[in-house]
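*Asks:* the sequence and its predicted three-dimensional model are supplied below.
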Amino acid sequence: MKLDNIFDSALKDTLFTDKSVLQISYKPDKIPHRDEQIEHVASILAPVLRGERPSNLFLYGKTGTGKTLSVKFVKDKLIKRAEEAGVNLRIEYINCKLQKVADTEYRILATLISKLGGSVPATGLPTDQVYSRFIELVDEKKQLFVIIFDEIDHALKKISDNFIYSLTRLNSELSLAQISIIGISNDITFLENIDPRVRSSLGEEEVVFPPYNALQLQDILQERCMDAFKEGVVDEGVIAKCAAFAAREHGDARRALDLMRIAGELSERDGSRKVDLKYIDLANKKIERDKVLDIVETEPKQFQLVLYSILQLTKEMKKKNISEKMFTGDVYNCYQDVCTKTKNECLTQRRISDIIAEIDMLGLINARVISKGRHGRTREIKHLISDNILDKVEAILVDGLGL
DNA sequence: AGGTATTCACATGAAACTATTCTCTGAGTTAGG
DNA sequence: TAACTCAGAGAATAGTTTCATGTGAATACCTGT
């Protein structure tokens, strides 16, 4: 019986000792190649042990460079030491990217309050009341309060700058407690286009997390694989390749770990006793594939319509065997046809232009602005979806659009 | 031939409009005293 | 009477349209040799 085999192998032949080690949520007890940053952060925050307010701190670096991990690491140690030293210290971590948790001013305050042990209704209260409730709670005893805003750029896109600004100015209103803010962002340009007042108050100190290089990634993987996999399952070469893959993607450690985990899962499913080189390739494809499919599926209808039009046009071009270059105008015409056919409302060219630019940002298409001289300026568009998932993508689109 | 001016087909920006979701207020309701 | 609920006014927000302006180079048009 085939099923039995599957279940049997799931029970017996697992390659992992502890898969969670490779998951993002895992907190290792050492963080290789981040000593400098960790020390820096620690030295900035150290004054809390003397009961002084530390400077506000701003961290940036691309995804998967260990920002969150390092901060949490320092946070835990610091809390421990503060307890020993008898300092009243609170450090709260908030991820602004998680919608429903903290992507509006109100919600951020609400989460903070609930972490402080208070409670507010999920909705219905005026924001300034929540605000004063928060102040009240913080100020009820002498303490240092450090708030960590992860992915702060996400929040500030939606919320007005002066929320953070007023948070930083809050100290003057507090008599007993003191507040410090740690902002984490993976968009380096983010600080440049916000209110300068916020910039200077938030960025009293800055720490940059550079991307890992291939060798460092290799170290990290090595370390984790020792705990995650059984012995002899993963070869040196496999780790090296995995590191190389991730290093190409701006040194994203998260990516490297995902790759490793999925490669492990795939080879386990195959009943292999080792994680082979080929599984890294497979895993890479799978990640890519899942990412693309996920994007296509979750984008709004108008995006799907545009993407569908682009795919249709590519097909037509191939049939007629002309070069597969297409321009905004072509796409718009095709899009209009598709809209009438599917009875969707048709947006302006202006909007489609923006949508095309956005799909470009998502990496599904390549849209380059070129000038064709007398024949105007336009975008030259080409889709980047690899052939082996084209059918799947199309199926999703057809399904989603009710064609 | 070489230089300048035009012109195309959109790109890019700003402002206004619209529909939907959130916030906030006060009236009405409930339960306990 | 205090607490709670809930409808509807008003504000915030996202997505879009309208209007306006900008852009790079192939091409048309000169100009003097």
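*Replies:* Thanks, I have the structure now. Numbers count the residues shown, from 1 in each chain, chains lettered A, B, ... in the order given.

*Asks:* hey, C-alpha coordinates of the helix or strand harbouring residue A:241 in CSV?
*Replies:* If you go by DSSP states H and E, residue A:241 is part of helix A:236-248. C-alpha atoms of helix A:236-248 as CSV (Å, rounded to 0.1, in the frame of the first residue of the first chain):
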residue,chain,number,x,y,z
GLU,A,236,29.8,20.5,3.0
GLY,A,237,29.2,21.0,-0.6
VAL,A,238,25.5,21.2,-0.1
ILE,A,239,25.9,23.9,2.5
ALA,A,240,28.3,25.8,0.3
LYS,A,241,25.9,25.8,-2.6
CYS,A,242,23.0,26.8,-0.5
ALA,A,243,25.0,29.7,0.8
ALA,A,244,26.0,30.7,-2.7
PHE,A,245,22.4,30.8,-3.8
ALA,A,246,21.4,33.0,-0.9
ALA,A,247,24.4,35.2,-1.2
ARG,A,248,23.3,36.1,-4.7
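
*Asks:* list the buried ones in it?
*Replies:* Across helix A:236-248, burial judged by 16 or more other CB atoms under 10 Å covers A:238, A:239, A:240, A:241, A:242, A:243, A:245, A:246, A:247. Any C-beta I mention is one placed from the backbone N, CA and C, and that applies to glycine too.

*Asks:* just confirm the fifth one contacts residue A:256, I think it does.
*Replies:* Yes: distance between residue A:242 and residue A:256: 5.8 Å, which falls inside the contact criterion (CB atoms under 8 Å).

*Asks:* what do those two both touch?
*Replies:* Common contact partners of residue A:242 and residue A:256 (CB atoms under 8 Å, 6 or more residues apart in numbering): A:217, A:221.

*Asks:* show me the shaky parts of the stretch 301-403 of chain A.
*Replies:* Within the stretch 301-403 of chain A, the ranges that satisfy pLDDT under 70 run A:321-324, A:403.

*Asks:* now the strands for it?
*Replies:* Ranges of strands in the stretch 301-403 of chain A, per DSSP state E, counting those that start in this stretch, are A:326-327, A:365-371, A:377-383.

*Asks:* what do you get for chain A?
*Replies:* For chain A, the strands defined by DSSP state E cover A:57-61, A:89-95, A:144-150, A:178-185, A:205-209, A:326-327, A:365-371, A:377-383.

*Asks:* tell me if I'm right that residue A:146 and residue A:182 touch.
*Replies:* Yes: Residue A:146 lies in contact with residue A:182 (CB under 8 Å); the separation is 6.4 Å.

*Asks:* so for these two, which residue has more residues nearby?
*Replies:* A direct count of neighbours by other CB atoms under 10 Å for residue A:146 and residue A:182 places residue A:182 higher, at 27 against 23.

*Asks:* wait, the more buried one touches residue A:167, no?
*Replies:* No: counting by CB under 8 Å, residue A:182 does not reach residue A:167; the two are 11.7 Å apart.

*Asks:* spit out the residues that contact these two alike.
*Replies:* Common neighbours of residue A:182 and residue A:167 (criterion: CB under 8 Å, 6+ apart): residue A:147.

*Asks:* per-residue pLDDT, the residue nearest to residue A:71 when sequence neighbours are not counted?
*Replies:* Among residues not flanking residue A:71 along the chain, residue A:148 sits closest, at 5.9 Å (CB to CB, 6 or more residues apart in numbering). With respect to pLDDT, residue A:148 scores 86.
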